[in-house]
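1. compute the structure for the input listed below.
(chains A, B, C and D)
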Protein chains: 2
Amino acid sequence: MRASERTLSVVENALREAGLPELSWYDALLEIEKAGTEGIRPYELRERLLLPQYGTSRLLSKIEDAGFIKRIPCAKDGRGHAVQITKAGQDMRAQMWPVYAQCLKVMIEQTMTPAQADQLCDLATLIQRPSDTV
Amino acid sequence: MRASERTLSVVENALREAGLPELSWYDALLEIEKAGTEGIRPYELRERLLLPQYGTSRLLSKIEDAGFIKRIPCAKDGRGHAVQITKAGQDMRAQMWPVYAQCLKVMIEQTMTPAQADQLCDLATLIQRPSDTV
DNA sequence: CTTATATAGATGCATTTGCATCTATATTGA
DNA sequence: TCAATATAGATGCAAATGCATCTATATAAG
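-> Numbering: from 1, shown residues only, chains lettered A, B, ... in the order given. Reported below is the predicted structural model:
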């Protein structure tokens, strides 16, 4: 709990100080970029980011207002649309990554040995997706 | 990240379904109860719970309104006060614990082996207090 | 002693979050 | 075909959060 809270706050601070958007934008931009030219449906993004539906909706609105994504009508399903990353969005994501990565690198290195990091990595993979079993 | 988010949401759901207050109340009540009859100063509580100052202030107001703590004037320092747990507060904390503990037990058992749990425990202790070094 | 600064704690205001609900299209079933 | 239900996504409103600031007392410095 504390590790994840601290990590988040360190990363958010670093991004803010660099004048960049918050971390949730990075996660969203990464998934949207990976989706390529077809784009991705908001409900798919929601599943991958583990966000509530209204959270996804609002996040996309803001990212769109900033010009980092665009919405394209969906041929198969008139209810929704797909979102595509723009050139500006790609640039922004690329700009955010080094800041993000540097934080993680420093925090991990100053907290544990490489062997411990491997252990933690193994344990982390035990948690896959929400199983709704409890 | 995902593990801590899921754990939190499972615990919060269990508490809500049992008609009990949210987890932050438990943490606060536990620390206040541990402080005994002398009580604890809000700023000390803040340090232990890693909450922002205004968050602590508001949390205490609500818990006080619910009758689980009471404020006593502070002889040593006229600026502040100490908070003490009430009988009702002790009862509430005691009622919350089994719900909380059961969630943790089930989640850990169905996610990992006892050996892995020990490993995780060791890794978790690497994170002590905020060091503000990054 | 008097003024300047630091600390404890509360709070106004803007933003964010969560819940419930709404619209619109899709799918199912009689 | 047409009603009933399900799903995609948006949004109004209330509650929670974060920031900045405020009051009051404590401590330090001249």
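
2. mind checking pLDDT for the nearest residue to A:Q95 once chain neighbours are set aside?
-> Using C-beta to C-beta, 6 or more residues apart in numbering or on different chains and skipping residues adjacent in sequence, the residue nearest A:Q95 is A:L20, 6.6 Å away. Glycine gets a C-beta too; all of them are placed from N, C-alpha and C. A:L20 carries a pLDDT value of 95.

3. now A:L20: phi and psi?
-> phi -110, psi 160 (degrees, to the nearest 10).

4. which element is the residue nearest to the spatial centre of chain A on?
-> The residue lying closest to the centre of chain A (C-alpha atoms, centre = their mean) is A:D27, at 1.0 Å. Assigned by DSSP states H and E, A:D27 belongs to helix A:23-34.

5. kindly export that helix (C-alpha atoms) in PDB.
-> The C-alpha trace of helix A:23-34 is given here as PDB (Å, rounded to 0.1, in the frame of the first residue of the first chain):
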ATOM      1  CA  LEU A  23       0.100   9.700 -15.200                       C
ATOM      2  CA  SER A  24      -3.400   8.500 -16.100                       C
ATOM      3  CA  TRP A  25      -2.900  10.300 -19.400                       C
ATOM      4  CA  TYR A  26       0.200   8.300 -20.000                       C
ATOM      5  CA  ASP A  27      -1.500   5.000 -19.500                       C
ATOM      6  CA  ALA A  28      -4.400   6.000 -21.800                       C
ATOM      7  CA  LEU A  29      -2.100   7.400 -24.500                       C
ATOM      8  CA  LEU A  30       0.000   4.200 -24.400                       C
ATOM      9  CA  GLU A  31      -3.000   1.900 -24.900                       C
ATOM     10  CA  ILE A  32      -4.400   4.100 -27.600                       C
ATOM     11  CA  GLU A  33      -1.100   4.300 -29.400                       C
ATOM     12  CA  LYS A  34      -0.700   0.500 -29.200                       C
END
